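Peer 1: Predicted model and sequence follow; I will ask about them next.
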Amino acid sequence: MVDSFINILREYPTLAIFLTIGIGFFIGKLRIGSFSLGNVTAVLLVGVLIGQLDIPMSGPIKMFFFMLFLFSIGYSVGPDFFRSLRGSGAKQALFAVVMSSVCFGVTVLIAKLMSYNTGESIGMFAGSQTCSSLLGVGTEALGRLGLPADELKSQLDIVPVCYAVTYIFGTLGTVIILGNFGPKLLGGLDKVKKQTAELEKQLDGAGKTYDPAVVNANATVAYRVYTVTSSFFELPQTVHDTEKYLRSNGRDVYIDRIKHQGEITVPNYGDYISAGDTIVICGRSEYMMQIEKLIGHETSDADLLSYPLSRVGVLVARKHFIGKKLSSLRLNKYMHGVVIRDGSRAGAELDISGDTVFQKGDKLTVIGRPDQVKRATPHIGHVDKPSVASDLMFVGLAIFIGGLFGALSVWIGSIPVSFGTSGGALVAGLVFGWLRSKRPTYGNIPPGALWVMNNLGLNVFIAVIGIEAAPSFVSGIKAVGPMLFVAGAVATMIPLFVGLWLGHKVFKFNPAITLGCCAGTRTCTASLGAVQNSLGSTLPAIGYTVTYAVSNILLVIWGLLTVFII
């Protein structure tokens, strides 16, 4: 029975991946007091366990989901990433230089103390610092040292073994330290979450985890029903005169529906309102205060309010809308019945009032009857209509273009420098996410779809890593001894603790950015997922992106220096 089960997993390795993810997420949710492994760590551990069954894995499935994950990360933080380059981007690059230097110094020191040869040192450096790209470049450099053929073969053979032994903790240790202990070392999880939320607020909610069960209690737009009893209506008044009367009393609102003698109509400017009629008044909530004194008492009428409304996002782009006060724009016929619910400018919340002057690039949310919204939005700018459909053409071509860019190499001497296809997918996410914010007529990825791309992409990648690395990890321990595992663990941990201290005390980053910078400098994407899971935010990716790009190059260079120093 057991043998049949194992054979099924070997014949259908995709089942092993789903089993790993399912059990991993179950274990990741378990808590012992305040401690939990988290999804990413648990999936990796379960993958290592199931991988002992020697299950073959195909390469493309791992990279497919990895690139999907990286693209989703870049897409979600793209606009704020480019904004951050004007501020902390240079500091993040400097952080990567300093921390990667620490990775190099610690690894070389341990290799010297343990008297490791060059092959063992390269394998330990690549595995403990999770720098897989060093394997190819390092072994190539090793071949140019002029070693005797037998010694060269022996050292080339030991490189992947040492890499496998140290890579497990290089990934797992980074995930646990940054995801579980990192927030506690930076002031405590609750405090770090609070500081992350404050930064999210500054960045207009960027990074905040989407939760459809949570709504804002502050309703900025109101649709209310009133029975007309005011003395103003002793004689019937037109809709136009009524709205003018309300505006003259500081109530910038619209008449959206009229119920006269039981008949409900959508009003025109020339339609009359008589005493005893029931009307729907719509506008921003602040204009509804004490409006009963001008109209009559508020009432409840479900039939009168039973009609659909459209709510869309609009990017301000039209010349005749830019530079104008809202109070003057409301006088335009196309704005009648449309209410601007909220807005943002350069990531900051925009205070909406009659004196608000709009600029190109402002993001507005407008609400009104579908016909009114459809009439108004072309006069404002580009529409971003909410949709549950993802633009898969956009996703596919964006990741392809990014991967193609990442596959190109620039040779600096004998060192090939590139982002790699995975790094290219991250860059594509950043660029196309930014373009989406500038022109929201294409590239829509709903929050739910983005969550699936992020979580499924990362955890499939992690599951495959665990399953693939498991057999060579055990055989490697037998070949080189357990002390290499210990040495690699020390080489992993010391730079991480130094990086957390540097980001917090020297560079004074927000804790979420510090954790992202540490994950990026280690080029350990799994740890980024663990940090995001711990904080409930994708904001750490802003710190991850610059440091990931810089360290991808620097760790290879430091690894090559290790070849010549050892």
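Peer 2: It's in.
Peer 1: Leaving out chain neighbours, which residue sits closest to Trp434?
Peer 2: Leaving out its chain neighbours, the residue that sits closest to Trp434 by CB to CB, 6 or more residues apart in numbering is Gly78, at 4.1 Å. Backbone N, C-alpha and C define where each C-beta goes, glycine included.
Peer 1: And that neighbour, how far from Asn117?
Peer 2: Look at Gly78 and Asn117: by CB to CB, to the nearest Å, they are 44 Å apart.
Peer 1: Those two: which is more packed in?
Peer 2: Gly78 (25 against 15; other CB atoms under 10 Å).
Peer 1: Quick one: residues contacting the more buried one.
Peer 2: Taking CB atoms under 8 Å, 6 or more residues apart in numbering, we find Gly78 in contact with 429-437.
Peer 1: Recalculate using a threshold of 7 Å.
Peer 2: If you count contacts by CB atoms under 7 Å, 6 or more residues apart in numbering, Gly78 has them with 429-431, 433-434, 437.
Peer 1: ok, back up a step: give the next helix or strand downstream of the host helix or strand of the residue nearest to Trp434.
Peer 2: When elements are assigned from DSSP states H and E, Gly78 belongs to helix 59-85. The helix or strand immediately downstream of helix 59-85 is helix 89-113, counting by DSSP H and E.
Peer 1: That following helix: which residues count as buried?
Peer 2: Across helix 89-113, burial judged by 16 or more other CB atoms under 10 Å covers 89, 91-93, 95-96, 99-100, 102-104, 106-108, 110-111.
Peer 1: Need the contact partners of that helix.
Peer 2: 121, 124-125, 128-129, 487, 490-491, 494-495, 498-499, 502-503, 507, 517, 520-521, 543, 546-547, 550-551, 554-555, 558, 561-562, 565-566.
Peer 1: same thing with stretch 429-441?
Peer 2: By CB under 7 Å, 6+ apart, the residues outside stretch 429-441 that reach it are 70-76, 78-79, 81-82, 313, 315, 382-384, 394, 398, 443, 545.
Peer 1: What mean pLDDT does stretch 537-551 get?
Peer 2: Regarding stretch 537-551, the rounded mean pLDDT is 80.
Peer 1: no no, stretch 24-33
Peer 2: Stretch 24-33 comes out at a mean pLDDT of 81.
Peer 1: Show me what counts as buried in that stretch.
Peer 2: Here stretch 24-33 shows 24-25, 27-28 as buried, counting by 16+ other CB under 10 Å.
Peer 1: and if you look at stretch 148-167?
Peer 2: By neighbour count with 16+ other CB under 10 Å, stretch 148-167 contains the buried residues 152, 155-156, 158-167.
Peer 1: Turn these into CSV, columns for distance to Ile367 and secondary structure.
Peer 2: Below are the buried residues of stretch 148-167 laid out as CSV (distance: CB to CB, whole Å; DSSP: H, G, I helix; E, B strand; the rest coil):
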residue, distance to Ile367, secondary structure
Leu152, 71, helix
Gln155, 68, helix
Leu156, 66, helix
Ile158, 66, helix
Val159, 62, helix
Pro160, 60, helix
Val161, 63, helix
Cys162, 61, helix
Tyr163, 57, helix
Ala164, 57, helix
Val165, 59, helix
Thr166, 56, helix
Tyr167, 52, helix
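Peer 1: just the strands in the stretch 101-250 of the chain please.
Peer 2: In the stretch 101-250 of the chain, the strands defined using DSSP state E, counting those that start in this stretch lie at 221-227, 237-238.
Peer 1: Out of those, which is closest to Phe358?
Peer 2: With distances scored as CB to CB, the stretch of the strands of the stretch 101-250 of the chain nearest to Phe358 is strand 221-227 (17.7 Å).
Peer 1: Pairing partners for that closest one, with directions?
Peer 2: strand 278-284 (antiparallel), strand 298-299 (antiparallel) (DSSP bridges).
Peer 1: So what touches it?
Peer 2: Residues contacting strand 221-227 (CB under 7 Å, 6+ apart): 256, 278-285, 288, 292, 295-301, 304-305, 339, 341, 367.
Peer 1: before we move on, what about stretch 6-19?
Peer 2: 50, 53, 55-57, 460, 463-464, 467.
Peer 1: Would you mind listing the buried residues in it?
Peer 2: Applying 16+ other CB under 10 Å to stretch 6-19 flags 9, 16-17 as buried.
Peer 1: Can you pick out the ones from the buried residues of stretch 24-33 that are in helices?
Peer 2: 24-25, 27-28 (DSSP state H).
Peer 1: Kindly reformat the strands of the stretch 101-250 of the chain as CSV and extend each row with mean pLDDT.
Peer 2: Converted to CSV, these look like this (pLDDT from 0 to 100):
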stretch, mean pLDDT
strand 221-227, 90
strand 237-238, 90
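Peer 1: Generate JSON lines for these, with mean neighbour count as supplementary columns.
Peer 2: Below are the strands of the stretch 101-250 of the chain laid out as JSON lines (neighbours: other CB atoms under 10 Å):
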{"stretch": "strand 221-227", "mean neighbour count": "19"}
{"stretch": "strand 237-238", "mean neighbour count": "18"}
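Peer 1: Dump these to a markdown table, plus distance to Lys244.
Peer 2: Shown next, in a markdown table, are those (distance: least, CB to CB, whole Å):
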| stretch | distance to Lys244 |
| --- | --- |
| strand 221-227 | 17 |
| strand 237-238 | 9 |
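Peer 1: Please identify which of these is closest to Ser390.
Peer 2: Ranking these by proximity to Ser390 (CB to CB) places strand 221-227 first, at 28.0 Å.
Peer 1: CA atoms of the closest one as PDB?
Peer 2: Taking Å, rounded to 0.1, in the frame of the first residue of the first chain, the C-alpha atoms of strand 221-227 are listed here in PDB:
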ATOM      1  CA  VAL A 221     -21.200  59.700  -0.400                       C
ATOM      2  CA  ALA A 222     -24.900  59.600   0.700                       C
ATOM      3  CA  TYR A 223     -28.200  58.900  -1.100                       C
ATOM      4  CA  ARG A 224     -31.100  59.900   1.200                       C
ATOM      5  CA  VAL A 225     -34.900  60.200   0.800                       C
ATOM      6  CA  TYR A 226     -36.800  63.300   2.000                       C
ATOM      7  CA  THR A 227     -40.500  64.200   2.000                       C
END
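Peer 1: For that strand, what is the distance to the chain centroid?
Peer 2: Averaging C-alpha positions (CA atoms, centre = their mean, to the nearest Å) puts strand 221-227 38 Å from its chain's average.
Peer 1: tell me which element Gly466 falls in.
Peer 2: Judged by DSSP H and E, Gly466 forms part of helix 447-480.
Peer 1: in which helix or strand would I find Ser344?
Peer 2: Assigned by DSSP H and E, Ser344 belongs to strand 339-345.
Peer 1: Packing partners of that strand?
Peer 2: Secondary-structure packing of strand 339-345 (3 or more CB pairs under 7 Å, 6 or more residues apart in numbering; DSSP states H and E): strand 278-284, strand 363-368.
Peer 1: What segments of the stretch 401-550 of the chain are strands?
Peer 2: Ranges of strands in the stretch 401-550 of the chain, per DSSP E, counting those that start in this stretch, are 410-412, 415-417.
Peer 1: Now the helix holding Gly466: average pLDDT?
Peer 2: For helix 447-480, the mean per-residue pLDDT is 78.
Peer 1: list the helices and strands it packs on?
Peer 2: Counting by 3+ CB pairs under 7 Å, 6+ apart, helix 447-480 packs on helix 13-29, helix 39-50, helix 59-85, helix 149-176, helix 525-535.
Peer 1: go again using 6 Å as the cut-off
Peer 2: Packing partners of helix 447-480 (3 or more CB pairs under 6 Å, 6 or more residues apart in numbering; DSSP states H and E): helix 13-29, helix 39-50, helix 59-85, helix 149-176.
Peer 1: pretty sure Gly403 is touching Gly424, no?
Peer 2: Yes - using CB atoms under 6 Å, Gly403 is in contact with Gly424, at 4.7 Å.
Peer 1: coming back round to it: the helices and strands packed on strand 339-345: lowest mean pLDDT?
Peer 2: Among those, strand 363-368 scores lowest, at a mean of 86.
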